[in-house]
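Visitor: Turn this into a model:
(chains A and B)
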Amino acid sequence: MSAFPRLKTSAVMQYPAERRTEYSTRVLRFLDGSEQRFREYERPLRLWVIRLDLLDSRESSEVEAFFVSMQGRSGVFSFTDPWSGIEYPNCSLQEDSVRIDLLAENHAQTALVIRENVS
Amino acid sequence: MLYFPQLSTGALCQYPISKQRRLRTIANLAADGRIFKAPDYGVSEIQWELHYTGLDDTELAALESLFEATEGRLHTFTILDPTDNLLRWSDDLSTSVWTRGPMLLIAPTNDPLGTMRANRVVNGGAAEQSFEQTVAAPAWFHHCFSVYAKTTSPQSIVLYRNAGAQTDFASVHVGATWERLALSGKFTSSEETVTFGVRLPAGASVDVYGLQTEPQVSPSGYKATTTRSGVYDTARFGEDTLRVVTRHLNQHTAVVRILVVEEN
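Guide: Now for the predicted structure:
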């Protein structure tokens, strides 16, 4: 199982670090004002927004190579939540594109969103 | 063949550079949050956004000349990715992209990063032997060929580059610790391929890592490659308009978008 690449510091993300927990609730509203609500997801989905800055050439190249090896959002890899330490074995990239901005020599930045797959 | 021009400094572009890669996935999102996905290997896309400031008249003329020759987005040209390595299989000298002397023995060994991506190259013959790779790049461009090397018994090796009848080389000393060696320059030849290689004396044993060729004057951070290198011969301008702003005499700015669509 592939794993999300680590920086040379062994970290997987930098500050500001963002994580999201998502539910999906279907709300049916009736004319009399009453509602019915039910969940669409069996359990919450987790997303992590990985913003990376000050990447050197090797790190930015590895991020790009990882994106290609995953074929965008097709591939599956394991990701360890930096907050909880829990490993989520079934994750994918959220997008089919990645943008890397090279601001100077050995100074690149990029952002990726990782989504836990519902199985 | 049309080539995206280098600047007078020998660099292909200036910072900042944006590079975007796009792939395709067929996805079906179910109501319960599951996504059924399949990769679509048919098409992949790379886009560069290059910002130029302080272009002189000559540099601008080269850019505009290419834009007119391709009629905007109509025709293709070759671009050497300024963010990538022009060599293929840069960590694996056993692949067919590398031409090796018959008496060279090659085996994986420890690299400076603690992995096993370096190659121990031993010349078991009685004469000099070399390994080299030919890159489809214009010889009149400035190229920098670099490699990390070390050896247990200090000796000299030769870095070289050839284009047609023109050749350039440097004899460099290799010691017991990893050191980056580089050979940089350009030819006056109109050849559209350049060969980069390393020559070892008889009996030499050298560990090499991080073989890289870049379309610029000095080496930058090492980027490992496999099947794909940074040479793209089906690049197009991303727009049919080239906007140039002249800030001062002989000082122009422009933003250029370049697109490569690869059909697999």
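Visitor: And the strands in chain A?
Guide: Counting by DSSP state E, chain A has strands at residues A:2-3, A:18-22, A:25-29, A:35-39, A:45-55, A:77-80, A:87-93, A:97-104, A:107-116.
Visitor: Rounded mean pLDDT for the fifth one, please.
Guide: Right, the one you point to is strand A:45-55. For strand A:45-55, the mean per-residue pLDDT is 90.
Visitor: Which elements pack onto that strand?
Guide: In terms of contacts (3 or more CB pairs under 8 Å, 6 or more residues apart in numbering or on different chains; DSSP states H and E), strand A:45-55 is packed against strand A:18-22, helix A:57-69, strand A:107-116. Placement of C-beta: from N, CA and C, glycine included.
Visitor: Strand partners (parallel or antiparallel) of the last one?
Guide: Looking back up the chat, that one is strand A:107-116. Paired with strand A:107-116 in the same sheet, following DSSP bridges, are strand A:45-55 (antiparallel), strand A:87-93 (antiparallel), strand A:97-104 (antiparallel).
Visitor: and these as CSV, adding mean neighbour count?
Guide: Written out in CSV, the entries for the strands paired with strand A:107-116 read as follows (neighbours: other CB atoms under 10 Å in any protein chain shown):
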stretch, mean neighbour count
strand A:45-55, 18
strand A:87-93, 19
strand A:97-104, 17
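Visitor: Which residue comes closest to the residue in the stretch 101-250 of chain B that chain A sits nearest to once chain neighbours are left out?
Guide: Here the residue of the stretch 101-250 of chain B nearest chain A is B:G221; by CB to the nearest CB that distance is 2.4 Å. Closest residue in space to B:G221, ignoring its immediate chain neighbours: A:S57 at 2.4 Å, by CB to CB, 6 or more residues apart in numbering or on different chains.
Visitor: Contact partners for the residue most central in space within chain B?
Guide: Closest residue to the average C-alpha location of chain B: B:L86 at 2.1 Å, with CA atoms, centre = their mean. Applying CB atoms under 8 Å, 6 or more residues apart in numbering or on different chains to B:L86 gives the contacts B:L80, B:V135, B:A137, B:H143, B:Q212, B:T213, B:E214, B:P215, B:S229, B:G230, B:V231.
Visitor: so how many other residues sit close to residue 85?
Guide: Picked chain A for this. The burial count assigned to A:G85 is 7, neighbours taken as other CB atoms under 10 Å in any protein chain shown.
Visitor: should've been chain B
Guide: If we define neighbours as other CB under 10 Å, then B:N85 has 25 of them.
Visitor: I'd like to check which residues are in contact with residue 38.
Guide: Picked chain A for this. A:T25, A:R26.
Visitor: Chain B was what I was after
Guide: Remark: with contacts taken as CB under 8 Å, 6+ apart, B:A38 is in contact with A:S74, B:T25, B:I26.
Visitor: Let me see the contact set for the first one.
Guide: By CB under 8 Å, 6+ apart, A:S74 lies in contact with A:S92, B:L23, B:T25, B:K37, B:A38, B:P39.
Visitor: just checking, the residue nearest to B:G221 touches B:S220?
Guide: Yes: with contact defined as CB atoms under 8 Å, A:S57 reaches B:S220; the gap is 5.6 Å.
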